[in-house]
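[1] Just need the structure, nothing else, for what follows:
(2 chains)
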There are 2 protein chains.
Amino acid sequence: MNVTPWTVEGTIDYSKLMDKFGTKPLTPELLSRLEKLAGSIPPMIRRGFFFSHRDFDAVLKETENGEGFFLYTGRGPSGSMHIGHLSSFIITKWFQEAFGANLYIEITDDEKFLHKKNKSLEEIEEQAKSDILDIIALGFNPDKTFIFRDTEYIKNTYKLMIKIAKKVTFSTAKAVFGFTGETNIGMIFYPSYQIVPTFFEKKRCLIPAAIDQDPYWRIQRDIAESFGYKKAAAIHSKFIPPLQGFEGKMSSSLPETSIYLADSPDVVKKKINKYAFSGGQPTVEEHKRLGGNPDVDVSFAYLRIFFEEDDKKLREMEESYRNGDLLTGELKAYTIDKINSFLEKHRENRKKAEKLYDKFLYDGELARSMWNKTYS
Amino acid sequence: MNVTPWTVEGTIDYSKLMDKFGTKPLTPELLSRLEKLAGSIPPMIRRGFFFSHRDFDAVLKETENGEGFFLYTGRGPSGSMHIGHLSSFIITKWFQEAFGANLYIEITDDEKFLHKKNKSLEEIEEQAKSDILDIIALGFNPDKTFIFRDTEYIKNTYKLMIKIAKKVTFSTAKAVFGFTGETNIGMIFYPSYQIVPTFFEKKRCLIPAAIDQDPYWRIQRDIAESFGYKKAAAIHSKFIPPLQGFEGKMSSSLPETSIYLADSPDVVKKKINKYAFSGGQPTVEEHKRLGGNPDVDVSFAYLRIFFEEDDKKLREMEESYRNGDLLTGELKAYTIDKINSFLEKHRENRKKAEKLYDKFLYDGELARSMWNKTYS
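    As a prediction, the model looks like this:
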């Protein structure tokens, strides 16, 4: 397996990844403390899709003692958003609602432009605007959320960026990110920007993101205290499996691996029916006799991660699939319906998001205060 | 010898440096074309202190055919300015007056902060303000000159910076600048910023600077045309010798090597008398018998480069020193007077410069138009 912020390949062994990155498991003890504070815990956490963390125990403690925390996540606008991009945002929204925390969403237009050989900055900017509407559609609090594009907010961040950059040698960046002689000098500087928002407030920063982003937080945690800030906390998710099964992650550039947020009901139906890897048996007869395997079934995985909130219903489907009563076709039909009703609602929200764009980026309470701050 | 933008060591063999960097000599033919266009040529050029170039012939041609050019130079605000920092500005001012060209002066506060281990950004910013007053005091045209600090003008340049950075690999930057694993990631990105101003206008950019800055222009010349801009032209100066003699260059951090612009008349007198390497003989008697050597005499070098505009007077002094009539003490006394009257006038101009600060940075005709432009 190969996991960096730019590549996720192979069958992922998440325990090994925790060992390699030096992160800790989200234990039942931590989850019960979270539940006590929040009243409930969301499916993605209770079902183990978020599985690992750094200093999440400190976040809980600082919530228990009234200090609180702030939230930070982001989006690299390199191609159309698919459901694989939603998990961090959905869990971040849950944290914002549960704890009333401020949230900063970095749109890394600079990084995506620097990374994507064949994309112009103008294409990336177009994509960024589109992605921001998809993010707003998820329903964040417009007065407690600041969405910013790196290239636009640079005047407020550049001084802090160079202070961060001064503390990171090429050797360190190379070891953490795997840079080579072919890496362009913009990519080498970029990690400084991704660290900046962890210093937006003096409170601890909690970052919900897939585990491939962890290298940035490792560097942040090495230098944060020398700046008078707290080490960032993170909770790490697994990767949403691509339609073809549990290897690598969904790719924006390979449409047949992903369900895009813009996919029509027909396209969703075709993609799930044609591509979604099935844990079922080759024939109905065998399926009824031998049963299906929900553990490798991609449709079932999507229900578990996103689309079936009801634990009881999910458990019944799992049992029924395992013992052969629930057929692959039926499981897929149910999944298609669930995805399509989610996407239909999403597209309605996305239309309303256009009116909220300026609020999240410039005029909302948090946004206004952020444009008046210069970090250094 | 070792010459990079951050280190100048050893006895400099300027012919070898031209070979190594791949630059061309400023020939008598070029100088006579320049003289024809400008009416005259300044001492620093006619006496060979500016000795090398890139595409200066193209600048002359584009001046002859009416296209014109613009000027770009800069200053790294790492310590108090000394006379070694003046040569590029003095020659740039001459070009601006002779040709009415726009001039951009980059104050590289980011680079100096990133490079200087023990300087805070706040110290660098203080120094930058002070240096800008010294620069303004030299008498540029406030409506045709834009002085900008990198950290402040970043919002207008960042998009272009990342476009430049995307075309420069670490291998290239390493080969050109000698970066190592210990180099911080800010320094590695920085060359992108120094290239940005060469794209401020579509005309060719002429950069008067010491030859140690040439590596930046080498990269610029590799990529400029792919952006639809002209390759930058440069004229390169030698280094002002430190007081101790013709090795390395004056250092801001070693006061005994330099004459600072803020040195009082007494300090100048002491420094020249105590430190200025002399081409004279150990005793007056020997000096009268054997003569002095102006070629290695630092006082004489300062007269030749800066302080004696009159060619005839300079030639007479040279002869008189060589044949032993002019004594070292007399040469030093003359040099001290010349430096002190220059510095006295400079300090008067520097006081007046405070009122012009905003004009050069924000309100002058060129400055205003630059704040309304975003480069990408």
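[2] all strands for the stretch 101-250 of chain A, in order.
    Secondary structure of the stretch 101-250 of chain A (DSSP state E, counting those that start in this stretch): strands at A:103-107, A:145-149, A:204-210, A:233-237.
[3] between the longest one and strand A:103-107, how many degrees?
    Here strand A:204-210 points in a direction 50 degrees away from that of strand A:103-107 (axes from the mean of the first three to the mean of the last three C-alpha atoms, to 10 degrees).
[4] Show residues contacting strand A:204-210.
    Residues from elsewhere that reach strand A:204-210 (C-beta atoms under 8 Å, 6 or more residues apart in numbering or on different chains): A:50, A:55-56, A:58-59, A:62, A:67, A:69-74, A:87-88, A:91-92, A:95, A:101, A:197-199, A:213, A:217, A:230-239, A:249. C-beta here means a position set from N, CA and C on the backbone, and glycine is covered the same way.
[5] For ChimeraX, write the select line for the buried members of these.
    Selection of the buried residues among the contacts of strand A:204-210 in ChimeraX, burial being defined by 16 or more other C-beta atoms under 10 Å in any protein chain shown:
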select /A:50,55,56,58,59,62,69,70,71,72,73,74,87,88,91,92,95,101,197,198,199,213,217,230,231,232,233,234,235,236,237,238,239,249
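[6] tell me which element the residue lying farthest from the centre of chain A is part of?
    Most distant from the centre of chain A: residue A:285, at 39.6 Å, with distances by C-alpha atoms, centre = their mean. Assigned by DSSP states H and E, residue A:285 falls within helix A:284-290.
[7] Run the chain-centre distance for that helix.
    Offset of helix A:284-290 from its chain centre (C-alpha atoms, centre = their mean, to the nearest Å): 37 Å.
[8] ok, the residue farthest from the centre of chain A to chain B distance?
    57 Å (C-beta to the nearest C-beta, to the nearest Å).
[9] ok so, going back, now do the helix holding residue A:285: everything it contacts.
    Counting by C-beta under 8 Å, 6+ apart, A:280-281, A:324-325, A:327-328 sit against helix A:284-290.
[10] Weed out the non-buried ones from the residues you listed.
    For the contacts of helix A:284-290, buried by 16+ other C-beta under 10 Å: A:280-281, A:324, A:327-328.
[11] Quick check: the farthest pair among those?
    A:324 and A:328 (10.5 Å; C-beta to C-beta).
[12] Quick one: mean pLDDT over stretch A:114-121.
    Here stretch A:114-121 scores 96 as its mean pLDDT.
[13] Spell out which residues are contacts of both of residue A:324 and residue A:328.
    A:287, A:292.
[14] one step back: filter the contacts of strand A:204-210 down to the ones in helices?
    A:56, A:58-59, A:62, A:87-88, A:91-92, A:95, A:217 (DSSP state H).
[15] how about the residues you listed in a markdown table, adding pLDDT and distance to chain B?
    Shown next, in a markdown table, are these (pLDDT from 0 to 100; distance: C-beta to the nearest C-beta, whole Å):
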| residue | pLDDT | distance to chain B |
| --- | --- | --- |
| A:56 | 98 | 28 |
| A:58 | 98 | 28 |
| A:59 | 98 | 28 |
| A:62 | 98 | 30 |
| A:87 | 94 | 28 |
| A:88 | 96 | 24 |
| A:91 | 98 | 30 |
| A:92 | 98 | 27 |
| A:95 | 98 | 31 |
| A:217 | 96 | 16 |
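[16] tell me the angle the longest helix along chain A makes with strand A:145-149.
    Counting residues, the longest helix found in chain A (DSSP H) is helix A:328-358. Between helix A:328-358 and strand A:145-149, the angle comes out at 90 degrees (the same axes, to 10 degrees).
[17] From the contact counts, what lies against whatever helix or strand comes next after helix A:328-358?
    Using DSSP H and E, the helix or strand that follows helix A:328-358 in sequence is helix A:365-371. Helices and strands touching helix A:365-371, by 3 or more C-beta pairs under 8 Å, 6 or more residues apart in numbering or on different chains; DSSP states H and E, are strand A:145-149, helix A:150-165.
[18] Make a markdown table out of those and add distance to residue B:361, mean pLDDT and mean neighbour count.
    Compiled in a markdown table, these are given as follows (distance: least, C-beta to C-beta, whole Å; pLDDT from 0 to 100; neighbours: other C-beta atoms under 10 Å in any protein chain shown):
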| stretch | distance to residue B:361 | mean pLDDT | mean neighbour count |
| --- | --- | --- | --- |
| strand A:145-149 | 26 | 98 | 24 |
| helix A:150-165 | 15 | 98 | 23 |
